[in-house]
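Q: Quick check, what structure comes out for this input:
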Amino acid sequence: MIRPGWLIFFGLILPGSLSAQSLPVKSGEHGDFTRIVVTIPDGASWSLARGQEPRTYRLDVGADGISFDTSTVFNRIDRSRISALNAEPGGSNLRFELSCDCVATGFLHQEDMVVVDVRQGSEPTDADASDPKSTGLSFGANALSEIRLGSAPGIGPMQRMNALLPSFLSEQFHADDQPGIVPAESTLEFERDLAEQLASAATGGLLRAALRPVPAGKPHDLEDDMGRETHHREGSDMRSIQDSLEAAWSSDDPTNPEARIRIGGQACVDDDQLDFNSWGEDDALDTLIPSLRVKLYGEFDRIDETALKEIARAYVRIGFGAEARAILELDAESGDRVITALAGMVDGLPDGSGVFAGQTACDGRAALWSLLGSRELPNATPINVPAILRTFEELPLLLRNLIGPELSTRFAREGDVNAARSVLARLERATGDMTEDMILGRARVDRIDGAVDEARHVLNEIAGKDGPNAVEATIESIELSSENGSDIPPRMVELTAAYATELRQTDEGPKMWLAHARALLSNRRYDEAFASIDSSRDIPPEVLESALGEAMSAVSRIGDDVSFLKRIVGRGPSRGLPPETVISIADRLIALGMPEQAERWLTETGISTASRPYRMSKARTLVALAKPEEAEIALIGLQGDDVLQLRAEARRQMGDFSYVQTAYERLGQEDGARSAAWLAGDWPTVANGEAGALSSAAALAESEDAVFADARPSLQLAETIAGESSQTRATLEELLATTQLTDQ
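A: Numbering: from 1, shown residues only. Okay, the predicted model is just below:
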């Protein structure tokens with residue numbers, strides 16, 4: 001007999017045998033298509049095919065004992081193309097439900113990542129549908145010899161564009177921008193030109209290639225501080241340069257150092273450059289640094305570069321980042337970029353120079369500083385969690401205390417809450433205490449993890465104390481309440497007002513002023529909020545612009561009609577507002593019967609006119625203005641039930657009731673379809689519908705048509721008319737009562 005203890009032993013050694021392997025599912029928006037990335041087991045086959053229902057696809061993975069983690073899919077994408085992504089319980093397939101007339105195509109990347117792109121396009125024809133391989137792609141161990149049928153026949157994997165070069169495709173090449181389709185000749189010519197330009201730039205010294213080899217890492221499992229087993233994050237093992245480039249291209253911020261493409265390879269900062277324990281002791285301020293300062297200036301007052309570097313390292317080791325940067329500025333030309341970046345990060349600054357950019361997957365110490373120095377990583381960036389935790393454990397305790405809470409927050413923001421909590425637990429064990437910094441860090445993790453009430457309670461407690469974190473806790477508490485539409489206690493509103501006055505001329509002043517404005521808006525004190533925005537001339541313009549945008553958004557979403565009209569119509573359109581705020585304002589103006597004002601906001605605020613939300617709002621405005629033809633033009637190329645609803649309203653104004661009837665039938669709106677059929681004179685449809693005044697009247701009209709079709713004056717005709725007069729009168733009375741107009 002195998003006893004329970006042995007079962008636990010085998011469960012620890014063979015976790016995969018007792019639980020399903022969870023495959024992470026990542027997502028990202030890429031302009032004209034939405035991308036889903038699924039990491040599959042090595043050697044597993046896969047296939048992507050249309051589902052049996054319209055607008056559905058099914059991704060099958062040929063592996064046993066797997067599940068799909070789709071928990072964060074819709075954090076980075078909206079539902080304009082993919083409305084749902086569901087995994088069958090206990091199955092090995094993923095079901096895509098599309099919300100547009102789109103097609104899904106897939107390809108295998110780096111042998112273990114299935115990439116599915118969903119973009120606008122028509123479904124394959126019925127002829128293609130007869131060939132299962134024409135609706136998707138499949139690869140397995142025999143991919144090199146696979147025979148492909150359908151629209152792109154051939155043998156083996158289909159040719160794709162060079163993954164190391166960016167793709168700049170105009171509208172005429174969109175049809176070619178599909179996995180398996182050879183790119184147009186002009187695209188290939190562009191790639192060759194780009195490669196030649198890069199080579200010329202490198203030869204001329206304008207680019208410097210990173211030639212150091214990429215260290216190979218291994219996936220690790222992590223045991224969290226509760227003794228539970230967790231698996232390494234997707235991509236904790238080192239990926240190739242192709243992954244790094246793809247992650248960089250997915251970033252929307254060109255100034256983000258994490259999104260900079262490095263020509264020639266990805267390099268990790270060497271571990272010997274990050275050996276903090278060799279840079280002195282905790283008492284360096286009293287011992288090592290004074291002795292090094294004596295050596296700083298040599299003969300002819302020349303700076304000793306070695307002494308300067310050692311002093312800077314000693315300062316960084318004890319967390320004196322500003323002092324380290326000041327020392328390095330004495331000899332800026334020969335300064336060490338790695339130490340300069342570290343000096344900023346120990347003070348909570350980002351790695352603005354990009355020294356550690358793209359190194360979160362490194363197997364050495366650089367991974368920690370790469371994560372800490374970033375503010376937001378590109379989608380699907382691999383993070384080597386074990387390497388980061390290992391590096392954190394070996395740091396001097398002073399540095400762990402200093403960077404631990406921020407490192408925990410960075411993990412949480414990247415979606416790894418287990419690692420975030422692990423950092424704080426390790427720090428608490430090392431110090432034997434739970435400091436206020438750790439408590440604040442835990443509240444931030446709770447906030448990101450969705451534990452809003454717990455986070456708010458802790459933040460309010462810290463804010464109410466006279467401590468070093470009171471200001472930050474106050475700001476974050478107001479942000480949290482504002483994000484969740486919660487009222488803010490009057491005490492907190494008064495506290496933000498006091499802080500805003502006290503810190504007016506400090507670096508924290510603008511942040512606290514914005515927090516006070518948000519507190520007023522959350523409590524619907526619009527007059528005070530707008531008065532503060534209009535009178536605060538010493539607040540930076542970008543902060544004022546952000547506050548005005550939030551104020552406009554709040555009054556349009558939750559303000560009463562009087563407050564809305566006073567602040568929106570009274571002020572008129574303002575430039576620089578977020579597009580979603582402008583559209584929200586326009587839609588509410590339409591609902592209040594002011595389409596002319598809505599049109600002003602849409603045209604005079606300078607927002608992009610190409611987005612789907614703008615075009616939908618513009619069409620709603622034009623329908624409200626009784627301009628159906630222009631509304632139809634605004635909707636050209638858009639698909640979806642909401643678009644069909646708008647088109648039906650426009651066609652109703654045009655008098656095309658047959659189209660309206662068909663549209664409402666597709667939308668499942670029976671009353672609207674019956675009303676349109678009545679106006680179109682479709683008596684059989686109305687007569688066969690739900691019993692009521694309209695159906696009775698339609699039946700009467702149809703029967704009268706039949707009676708008088710070939711009728712000749714006769715006694716029988718007179719008797720028929722007389723016999724039906726009573727029923728006809730009752731039907732007409734019911735119809736008049738049903739369609740009677742009210743005084744409103």
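
Q: Could you tell me whether residue 434 really is in a strand?
A: No. Assessed with DSSP: H, G, I helix; E, B strand; the rest coil, residue 434 is coil; it does not lie in a strand.

Q: how many neighbours does it have?
A: 12 (other Cβ atoms under 10 Å). (Each C-beta comes from the backbone N, C-alpha and C, glycine too.)

Q: Now do the closest residue to it other than its chain neighbours, the pLDDT please.
A: Distance criterion Cβ to Cβ, 6 or more residues apart in numbering; nearest residue to residue 434, sequence neighbours excluded, is residue 428 at 5.4 Å. pLDDT for residue 428: 93.

Q: For residue 58, see how far away residue 111 is.
A: For residue 111, the distance to residue 58 equals 22 Å [Cβ to Cβ, to the nearest Å].

Q: For the spatially closest residue to residue 284 that is not a sequence neighbour, give me its contacts.
A: Leaving aside its chain neighbours, residue 284 sits nearest to residue 314 (4.4 Å; criterion: Cβ to Cβ, 6+ apart). Going by Cβ atoms under 8 Å, 6 or more residues apart in numbering, residue 314 touches 279, 280, 284, 288, 289, 292.

Q: Checking residue 350 next. Helix, strand or coil?
A: Strictly by three-state DSSP, residue 350 counts as coil.

Q: so it makes contact with residue 374?
A: Yes. Residue 350 lies in contact with residue 374 (Cβ atoms under 8 Å); the separation is 6.9 Å.

Q: who has more neighbours, these two?
A: residue 374 (24 against 17).

Q: Could I get the pLDDT score of that one?
A: 93.

Q: what's the answer for residue 261, then?
A: Reading off the model, residue 261 has pLDDT 43.

Q: the strands in this structure, which residues?
A: 21-29, 33-39, 45-50, 56-62, 66-69, 82-87, 93-98, 102-109, 113-120, 138-139, 147-148, 154-155, 221-223, 229-231 (DSSP state E).

Q: Output those in JSON lines; the columns should cover mean pLDDT and mean neighbour count.
A: Conversion of these to JSON lines gives the following (pLDDT from 0 to 100; neighbours: other Cβ atoms under 10 Å):
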{"stretch": "strand 21-29", "mean pLDDT": "86", "mean neighbour count": "19"}
{"stretch": "strand 33-39", "mean pLDDT": "90", "mean neighbour count": "21"}
{"stretch": "strand 45-50", "mean pLDDT": "90", "mean neighbour count": "20"}
{"stretch": "strand 56-62", "mean pLDDT": "90", "mean neighbour count": "19"}
{"stretch": "strand 66-69", "mean pLDDT": "87", "mean neighbour count": "18"}
{"stretch": "strand 82-87", "mean pLDDT": "90", "mean neighbour count": "17"}
{"stretch": "strand 93-98", "mean pLDDT": "91", "mean neighbour count": "20"}
{"stretch": "strand 102-109", "mean pLDDT": "88", "mean neighbour count": "21"}
{"stretch": "strand 113-120", "mean pLDDT": "90", "mean neighbour count": "21"}
{"stretch": "strand 138-139", "mean pLDDT": "42", "mean neighbour count": "20"}
{"stretch": "strand 147-148", "mean pLDDT": "46", "mean neighbour count": "13"}
{"stretch": "strand 154-155", "mean pLDDT": "53", "mean neighbour count": "11"}
{"stretch": "strand 221-223", "mean pLDDT": "40", "mean neighbour count": "13"}
{"stretch": "strand 229-231", "mean pLDDT": "38", "mean neighbour count": "15"}
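
Q: As TSV, the ones you listed with distance to residue 569 would be great.
A: Compiled in TSV, those are given as follows (distance: least, Cβ to Cβ, whole Å):
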stretch	distance to residue 569
strand 21-29	34
strand 33-39	37
strand 45-50	50
strand 56-62	45
strand 66-69	48
strand 82-87	36
strand 93-98	40
strand 102-109	39
strand 113-120	37
strand 138-139	58
strand 147-148	61
strand 154-155	62
strand 221-223	57
strand 229-231	55
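
Q: For residue 393, which of those strands is the nearest?
A: strand 221-223 (12.5 Å; Cβ to Cβ).

Q: Among the strands of the chain, which comes closest to residue 506?
A: Judged by Cβ to Cβ, the one of those that comes nearest to residue 506 is strand 21-29, at 38.0 Å.

Q: Give the closest residue to residue 487 in space, chain neighbours not counted.
A: residue 523 (5.8 Å).

Q: So the residue nearest to residue 434 versus residue 442, what's the distance?
A: 10 Å.

Q: one step back: now, which of the contacts of residue 314 lie within helices?
A: 288, 289, 292 (DSSP state H).

Q: Show me which of the residues you listed are buried.
A: Buried members of the ones in helices among the contacts of residue 314, counted by 16 or more other Cβ atoms under 10 Å: 288, 289, 292.

Q: Let me know the closest of the residues you listed to residue 660.
A: residue 289 (81.6 Å).

Q: tell me the contacts of the closest one?
A: Per Cβ under 8 Å, 6+ apart, neighbours of residue 289: 280, 311, 314, 315.

Q: what number of residues lie near the first one?
A: It stands for residue 280. Neighbours of residue 280 under the rule other Cβ under 10 Å: 22.

Q: Which pLDDT value goes with it?
A: 87.

Q: how close does it sit to residue 288?
A: Residue 280 is 5 Å from residue 288, by Cβ to Cβ.

Q: thinking again about what came up before, so which of the strands of the chain comes closest to residue 417?
A: strand 229-231 (10.4 Å).

Q: Domains in this structure, by residue range?
A: 19-163, 451-571, 579-692 (automatic domain parsing).

Q: want to throw these into TSV with distance to residue 369?
A: As requested, those are arranged in TSV below (distance: least, Cβ to Cβ, whole Å):
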stretch	distance to residue 369
domain 19-163	24
domain 451-571	23
domain 579-692	36
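
Q: Ok, which of the ones you listed comes nearest residue 307?
A: Nearest to residue 307 among the domains of the chain is domain 451-571; the distance by Cβ to Cβ comes to 32.1 Å.
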